[in-house]
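J.: Below is the sequence, then the predicted model.
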Amino acid sequence: MKQKIEELKNRFINATTDAEKDAIDREMDALVNENQTDFETAMLLSIKETNAKVEENILKNRLEEVLPAISVSYLAKQYFRKTPQWFYQRLNRNTVNGKSAKFTTNELKTLATALTDISNKINKSVAFVV
């Protein structure tokens, strides 16, 4: 069921006409009528996966402007005690040891703390000059 929903979702994203979208809606309705419980379970899983991807993209997009301005090497070493490669593997969701690497909740908190700390250091240095 999940695979059928994913296929329909991808077709819907790529649909260019209302007729295509209407046909996909009819196929979705047929899946609901086939087995509502399985459909609901598969849809919920699909929604959760989509939300996770969106959250990852939001983080990456927010850091897109910041990372060129700071040393990722310093950030990774100073706050995570890791390499820049480790940091970028998580940011880009690279496959490491057969699994998609991502930041844990604690690592995201550490990242937020690190960026705040760096921001405070920059503000202090500017305050001295002004």
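T.: Structure's in. What do you need?
J.: And Ser100, how far from Lys109?
T.: To Lys109, Ser100 is 20 Å away according to Cβ to Cβ, to the nearest Å. Using the backbone N, CA and C atoms, a C-beta is placed for each residue, glycine as well.
J.: Could you report the pLDDT at the residue nearest to Leu91 when sequence neighbours are not counted?
T.: Leaving aside its sequence neighbours, Leu91 sits nearest to Lys60 (Cβ to Cβ, 6 or more residues apart in numbering; 6.0 Å). As predicted, Lys60 sits at a pLDDT of 87.
J.: Looks like Lys60 contacts Lys102 (just checking).
T.: No: here Lys60 does not reach Lys102: they are 11.0 Å apart, not a contact under Cβ atoms under 8 Å.
J.: which one of those two has more residues nearby?
T.: Taking neighbours as other Cβ atoms under 10 Å, Lys60 and Lys102 compare with Lys102 leading, 18 against 13.
J.: and the more buried one, what does it touch?
T.: Counting by Cβ atoms under 8 Å, 6 or more residues apart in numbering, Lys102 touches Glu56, Arg90, Arg93.
J.: Surely it is in a strand?
T.: No: with DSSP: H, G, I helix; E, B strand; the rest coil as the criterion, Lys102 is coil rather than part of a strand.
J.: What does it show for phi and psi?
T.: phi -150, psi 160 (degrees, to the nearest 10).
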